[in-house]
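Peer 1: Here is the input, now give the coordinates:
(chains A and B)
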Amino acid sequence: MRYSLNKNERLKKRDDIQHLFAHGKSEFAHPIKLYYQLKENNSDTPLLFGVSVPKKKFKKAVDRNLIKRRIREAYRLNQIPLKNLMAEKGHCLMIMPVYIADEIQDYKQIEGKIILLLQRLLRIYEQDNQ
RNA sequence: UGCUGCGGUCGUUCUAUCGCUCUGAAUUAGUGUAAACUAACUUCAGAGAGGAAAGUCCGGGCAGCACAGAGCACCAUACCUUGUGAAAACGAGGGCUCCGAUCUAAUCGGGGAUAGACAGUGCCACAGAAAAUAAACAGCCCACCUUGGCUUAGGCUUCGGUGGGUAAUGGUGAAAAGGUGAGGUAAGAGCUCACCGCUCUUAGGGUAACCGAAGAGGCAUGGUAAACCUUAUGGGCUGAAAGGUCAAAUAAACCGGAGCUAAAGUUGCUCGCUUUUCCGGAGGGUAGACUGCGCAGAUAAAUGAUAGAAUUCCGUCUUUGACGGAAACAGAACCCGGCUUACAGACUAUUUUUAAAA
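Peer 2: Here you go, the predicted structure:
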């Protein structure tokens, strides 16, 4: 499996995203809050990914783009274990990290937090299996 | 040569690995008689942010709606000539005016939303008597009354009051009702005169804005139109959340069929008809999807991440270098043309000025 993140693996439907924020669970590791939820009607892809940076905290579009790109890159390189697990089980998991902090952090810090959060999710669903 | 102002051009580059969006081709899979269509975390090739993409301030394209004609309202533009342009707008030259410099003669530089303030209405803080049908606070002058003084008894002078004249003087203000000088007067005043200014008229120069000249008028018309307003010219309204196509589900109505040995209604009964029931259809159209969409082109929105090198700048040091740090403003969303605002640095034309060297 490759380190890819193309159109089909992204959260796109407005309804899905609103449902995720309304009913999904969340994990937090500063500066990122990660919403996640299993999707009911299964599709082919095991993981659906979206990212959000609030306009309230970062007024310039350039800053928001930078943070989104860093989070997306970190997710892209570290998603494999979780994706394999979901594929095995036939689930479809929706994931949406939200950047909470007021300052822009560099890539290394963000990547560390993303890895931490993905490992937590992995543990949760492994236990769920047993 | 440096510095400053203003204008123009550019506004980080290269390599490797891993990725993203779009387009084209191939391959594989599916549907199909085929043509072809669809899908792919399969492969290859190509393209992929800006000078402001920003603010959303103008103009236009494009789209929908409206549309006999006229008026009102609203908005925009506003010295003249001329060039580019579809228009907004920008450029060139000139006029007028304000400011500054040289320094008293015009020149140079800069600014001006630069039509109209004798069509009307409003406003003009503070200060000041008064801020606009002119006005009398102090002052000046005259008349009368009055207190005191001097007196050669004619008057002179003085404190105060009443009435009148007066815009010369003072103070206030951004601005005080033509300016300066002379005559004149009780004191003053365009009251009169000279020069300047202003208004009107005439002819002249200039494409024009406007200019200088002559004559007349004793001067009326404070400022403000980025206050309302007036004049002239132009302008239908709304924006891609426009607009178009496809179209689940659901309710009522519509059409066709089934059913009618079920129920209700229609006349007391029979038939028939209608409704309730079931199946199918069409229509508009919601969710949603696609399009609108472009030689970048998305729609929770691609144009990136990591590593190394180069370039520039900053800091420290043991200074022909080493080490560390930074890379301005900022991210397309229907498309063009402008305006405005933000901006590290590099190159460059030109102006002013200073210093150094010769």
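Peer 1: what about A:Ala74, how many neighbours?
Peer 2: 23 (other Cβ atoms under 10 Å). Yep, even glycine has a C-beta here, placed from its N, CA and C like the rest.
Peer 1: excluding its backbone neighbours, what's nearest A:Leu116?
Peer 2: A:Ala29 (5.2 Å; Cβ to Cβ, 6 or more residues apart in numbering).
Peer 1: Also A:Gln37?
Peer 2: A:Gly24 is the one closest to A:Gln37 (Cβ to Cβ, 6+ apart), at 3.6 Å.
Peer 1: Look at the one you found and say how many residues are nearby.
Peer 2: A:Gly24: 16 neighbours (other Cβ under 10 Å).
Peer 1: how about the residues of chain A that lie near RNA strand B?
Peer 2: A:1-15, A:17-18, A:44-45, A:50-52, A:60-62, A:65-66, A:68-70, A:73, A:76-77, A:106-107 (Cβ under 7 Å from any atom of the strand).
Peer 1: which among the residues you listed end up buried?
Peer 2: A:Leu5, A:Glu9, A:Leu11, A:Ile17, A:Thr45, A:Gly50, A:Val51, A:Ser52, A:Lys68, A:Arg70, A:Glu73, A:Arg76 (16 or more other Cβ atoms under 10 Å).
Peer 1: wait, the second one sits on A:Gly50?
Peer 2: No: when contacts are counted by Cβ atoms under 8 Å, A:Glu9 is not listed as touching A:Gly50 (10.0 Å).
Peer 1: Hmm, A:Met94 and the residue nearest to A:Gln37 touching each other?
Peer 2: Yes: using Cβ under 8 Å, A:Gly24 is in contact with A:Met94, at 7.2 Å.
Peer 1: Could you pull out the residues contacting both of those two?
Peer 2: Jointly contacting A:Gly24 and A:Met94 under the rule Cβ atoms under 8 Å, 6 or more residues apart in numbering are A:Tyr35, A:Tyr36, A:Gln37.
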